[in-house]
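Peer 1: sequence and predicted structure, then a few things I'm wondering about:
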Amino acid sequence: MTMSVAIGDLTLSVGTWNPTRHPEQEFCYIDLSAVDQTSKVISDASFLRGQDAPSRARQLVAAGDILVSTVRPNLNAVAPVPDEYDGATASTGFCVLRPNPEKVLSSYLMHWVRSPQFIETMVREATGASYPAVSDRIVKNSLIPLPPLPKQLRIATILDKADALRRKRKRAIELLDSLTQSTFFDLFGHTSDDLSKWGNFIPLSNLAEIGSGITKGRKLNGQPTRQVPYLAVANVQDRRLKLTGVKTIEATESEVARYRLHTDDLLLTEGGDPDKLGRGTLWAGELKEAIHQNHIFRVRLKTEAVLPLFLSWLVGSPYGKRYFLSVAKQTTGIASINKTQLSEFPTVVPPIELQRKFARLAQAVKTEMQQLISSSSNAEVLFSSLQHRALSGQL
């Protein structure tokens, strides 16, 4: 049976310094935001002069160290320090683990601190309701299964290969995701000048019916109602629907008829973060019946000259986002559009055959994407299974 040891018994001490005492010296700084929580790598370190150093810039790291964020441990912001960041300065918001090479391999320790077992321990030990955090002591006092070094190497090698497969799947999905947009740009363009070659710009309201949705808290005056699923802003994402947690609302039959979604309705949110203006997707009848709330616009084409898929990509393109930003009402960090501004959205109508060509290509990409996502899900399951078995001594 593999024994468990406190992480602190397997690590070496880490040096510190105070950059502000060297005001003109430039140094590489790794703060908490520099670690990508998904890929578990340092992705955005910065270069500062000593006089500009934040008070948390203190810990000197070396290649092979493991950075473990001590804040919001549920997010598991952990990363190894690669050769390029040898000698960099890390925030005191990290617990820096420097493996003792005679006792534990850096790669094995890295796999442990990203494991569900380690995350669960940190979450359980965290304090602070609004800003949960753990101390370096808690991290170093937590236990890690410690097989002999040769077995650590074998486990780390197996998990590295499984992780590499998972990353390749994700990268392929990212590339495919950008292919449809690239195809749209190639066929139609993405600036006003590019799009103007397709003729005069037409207000969207000339081509489609635009409607808002049902309002919560309205007076029903005793009318008979029934429960019906309705889409809120959180359900409408950029080019996709998030249908987990769809809520229901009491609505009259006339309201259900008025707000019921039809296949190929384009759903757009009225506001939020400025970079999310124009966020929306097409409804494909994912639920047997659904309506939408008043913070979501429904765009229903009334002409066969425009394909819903083309309109969806036009509205969500950089051209569409520039338009919405130019007309939106903006307050601190929030931007919103109204029905009038959406109705005036300048739309172009390229030849229908070109739109159909785009639709065929987009559908082919979507089919390939679904297969890759399924494959990626299998890779995730494989990695999770291998990780559990490896770190619990079953390999």
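Peer 2: That came through, no problem. Numbers count the residues shown, from 1 in each chain.

Peer 1: all helices of the stretch 151-300 of the chain, in order?
Peer 2: Secondary structure of the stretch 151-300 of the chain (DSSP state H, counting those that start in this stretch): helices at 192-195, 253-259.

Peer 1: mind telling me which of those helices the model trusts least?
Peer 2: Ranked by mean pLDDT, those bottom out at helix 192-195, which scores a mean of 90.

Peer 1: what residues sit buried inside it?
Peer 2: Neighbour-count burial for helix 192-195 flags residue 195 (criterion: 16 or more other Cβ atoms under 10 Å). For every residue, glycine as well, the C-beta is placed using N, CA and C.

Peer 1: pull the distance from it to the chain's centre.
Peer 2: On the basis of Cα atoms, centre = their mean, to the nearest Å, the separation between the geometric centre of helix 192-195 and that of its chain is 30 Å.

Peer 1: quick one: contacts of it?
Peer 2: Contact with helix 192-195 is made by 188, 189, 201, 319, 348, as judged by Cβ atoms under 8 Å, 6 or more residues apart in numbering.

Peer 1: okay if I get the helices of the stretch 151-300 of the chain as a markdown table plus distance to residue 122?
Peer 2: Rendered in a markdown table, the data for those read as follows (distance: least, Cβ to Cβ, whole Å):
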| stretch | distance to residue 122 |
| --- | --- |
| helix 192-195 | 50 |
| helix 253-259 | 45 |
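
Peer 1: what is the least confident helix or strand in this structure?
Peer 2: Counting by mean pLDDT, DSSP states H and E, the chain has its least confident helix or strand at strand 271-272, which shows a mean of 78.

Peer 1: which residues touch that strand?
Peer 2: Counting by Cβ under 8 Å, 6+ apart, strand 271-272 makes contact with 233, 277, 279, 295, 328, 334, 335, 336, 337, all of which sit outside it.

Peer 1: okay, now the first one: neighbour count?
Peer 2: Here the number of neighbours of residue 233 (other Cβ atoms under 10 Å) works out to 16.

Peer 1: do the same with the last one
Peer 2: Counted with other Cβ under 10 Å, the burial measure for residue 337 works out to 22 neighbours.

Peer 1: before we move on, the earlier item: to residue 123, which of the helices of the stretch 151-300 of the chain lies closest?
Peer 2: Closest approach to residue 123 among the helices of the stretch 151-300 of the chain (Cβ to Cβ): helix 253-259, 40.6 Å.

Peer 1: got the buried residues for the closest one?
Peer 2: By neighbour count on 16+ other Cβ under 10 Å, the buried set for helix 253-259 is 255, 256, 259.

Peer 1: same check on stretch 74-86?
Peer 2: For stretch 74-86, burial by neighbour count (16+ other Cβ under 10 Å) applies to 76, 77, 78, 79, 80, 81, 85.

Peer 1: and for stretch 109-128?
Peer 2: Applying a neighbour-count criterion of 16+ other Cβ under 10 Å, one finds 109-115, 117-119, 121-122, 125-126 buried in stretch 109-128.

Peer 1: chain center to that stretch: distance?
Peer 2: What separates the centre of stretch 109-128 from the centre of its chain is 21 Å, taken as Cα atoms, centre = their mean.

Peer 1: and that stretch, end to end?
Peer 2: One end of stretch 109-128 to the other measures 27 Å (Cα to Cα, to the nearest Å).

Peer 1: which of the contacts of strand 271-272 are buried?
Peer 2: With burial judged by 16+ other Cβ under 10 Å, the buried subset of the contacts of strand 271-272 is 233, 277, 279, 295, 328, 335, 336, 337.

Peer 1: and the third one, how far from residue 246?
Peer 2: In this structure, residue 279 lies at 18 Å from residue 246, with Cβ to Cβ, to the nearest Å as the measure.

Peer 1: cool, and residue 389?
Peer 2: Relative to residue 246, residue 389 is positioned 36 Å away (criterion: Cβ to Cβ).

Peer 1: same thing with residue 287?
Peer 2: Distance, residue 287 to residue 246, using Cβ to Cβ: 7 Å.

Peer 1: return every residue with contacts to both of those two.
Peer 2: Looking at what touches both residue 287 and residue 246 (by Cβ under 8 Å, 6+ apart), the common residues are residue 229.

Peer 1: confidence score at residue 325?
Peer 2: Reported pLDDT at residue 325 in the predicted model: 90.

Peer 1: same question for the one 10 residues further on.
Peer 2: Note on residue 335: pLDDT of 86.

Peer 1: same deal with residue 380?
Peer 2: Turning to residue 380, the model gives it a pLDDT of 73.

Peer 1: what's the burial count for it?
Peer 2: Here the count is done by other Cβ under 10 Å, and residue 380 has 14 residues near it.

Peer 1: what helix or strand does it sit in?
Peer 2: Residue 380 is part of helix 352-391, with elements assigned from DSSP states H and E.

Peer 1: just checking, what packs against that helix?
Peer 2: Contacts defined by 3 or more Cβ pairs under 8 Å, 6 or more residues apart in numbering; DSSP states H and E place helix 352-391 against helix 106-113, helix 116-125, helix 149-188, helix 308-315.

Peer 1: buried only: go through the contacts of helix 192-195 for me.
Peer 2: The neighbour-count criterion (16+ other Cβ under 10 Å) marks 188, 189, 319, 348 among these as buried.

Peer 1: now these as JSON lines including distance to residue 39?
Peer 2: Formatted as JSON lines, the buried ones among the contacts of helix 192-195 follow (distance: Cβ to Cβ, whole Å):
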{"residue": "188", "distance to residue 39": "33"}
{"residue": "189", "distance to residue 39": "33"}
{"residue": "319", "distance to residue 39": "31"}
{"residue": "348", "distance to residue 39": "38"}
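
Peer 1: lovely, talk soon.
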